[in-house]
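S.K.: predicted coordinates and the sequence they were generated for:
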Amino acid sequence: MITTDRLALPAWTDADLAAVAAGDHPDHWAEDFPAEGDRVIAGLLADRPAGRGGFGHRLLVERATGLVVGSIGLFWPPVDGRLEIGYGVVPSRRGLGYATEATRALAAHALTAPGVTVVHAGVDPANPASVRVLVKAGFTLVDAGAEVHRYEFTG
């Protein structure tokens, strides 16, 4: 289990995936979880259980309430020592720093995987909130493309 000051980052369970697929809403989920991105990830993980392992996709659980408030994950397998990270926090919990806290923790954890030397992310430059998350989490801008800015974390 990866934990931060305010979050726990457990792997997705079979029950979580089944609830998303069925459109159920367990009591331990924030009222606005899952978001569309979480549904997409749950669909992918249903077919690829290896993506839920120690270095795979995780839920964001608010420790103070025990509620699932988003998800974060690493897209396996690494390519040339590089792993991509993605994240999302439900609207009711945005602006609290949860995405930054979780991104920092999971990126550092990813670098403990054998052969992984870089965690990277692409973000639309028109999404300033996501840009701030990456910068505050310790990522460095490496390519300011017109449509996607690329960031890297090396520890």
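M.R.: Sure thing, it's come through.
S.K.: the closest residue in space to residue 16 that isn't next to it in sequence pairs with what?
M.R.: Among residues not flanking residue 16 along the chain, residue 59 sits closest, at 6.7 Å (CB to CB, 6 or more residues apart in numbering). To be clear about C-beta, it is placed using only N, CA and C from the backbone, and glycine gets the same treatment. Counting by DSSP bridges, residue 59 forms beta bridges with residue 71.
S.K.: doesn't residue 15 make contact with residue 59?
M.R.: No. Residue 59 lies out of contact with residue 15 (CB atoms under 8 Å); the separation is 11.4 Å.
S.K.: neighbour count: the two, which is higher?
M.R.: When residue 59 and residue 15 are compared for neighbours, residue 59 comes out ahead with 25 against 10, by other CB atoms under 10 Å.
S.K.: run through the residues that contact the more buried one.
M.R.: Residue 59 is in contact with 9, 10, 11, 12, 16, 68, 70, 71, counting by CB atoms under 8 Å, 6 or more residues apart in numbering.
S.K.: also residue 123?
M.R.: Residues near residue 123 by CB under 8 Å, 6+ apart: 130, 131, 134, 148, 149, 151.
S.K.: if it is in a bridge, with which residues?
M.R.: residue 149.
S.K.: and residue 84, which helix or strand is it part of?
M.R.: Residue 84 is part of strand 82-89, with elements assigned from DSSP states H and E.
S.K.: quick one: residue 41 is in a helix?
M.R.: Yes. Residue 41 forms part of a helix when assessed by DSSP: H, G, I helix; E, B strand; the rest coil.
S.K.: mind listing what it touches?
M.R.: Applying CB under 8 Å, 6+ apart, we find residue 41 in contact with 12, 57, 71, 73, 86.
S.K.: against residue 85, how distant is the spatially closest residue to the fourth one that is not a sequence neighbour?
M.R.: Translated: residue 73. Nearest residue to residue 73 in three dimensions, chain neighbours excluded: residue 57, at 3.1 Å (CB to CB, 6+ apart). From residue 57 across to residue 85, the span is 10 Å (CB to CB, to the nearest Å).
S.K.: comparing the two, which shows the higher neighbour count?
M.R.: Neighbours were counted for residue 57 and for residue 85 using other CB under 10 Å; residue 57 has more, 24 against 21.
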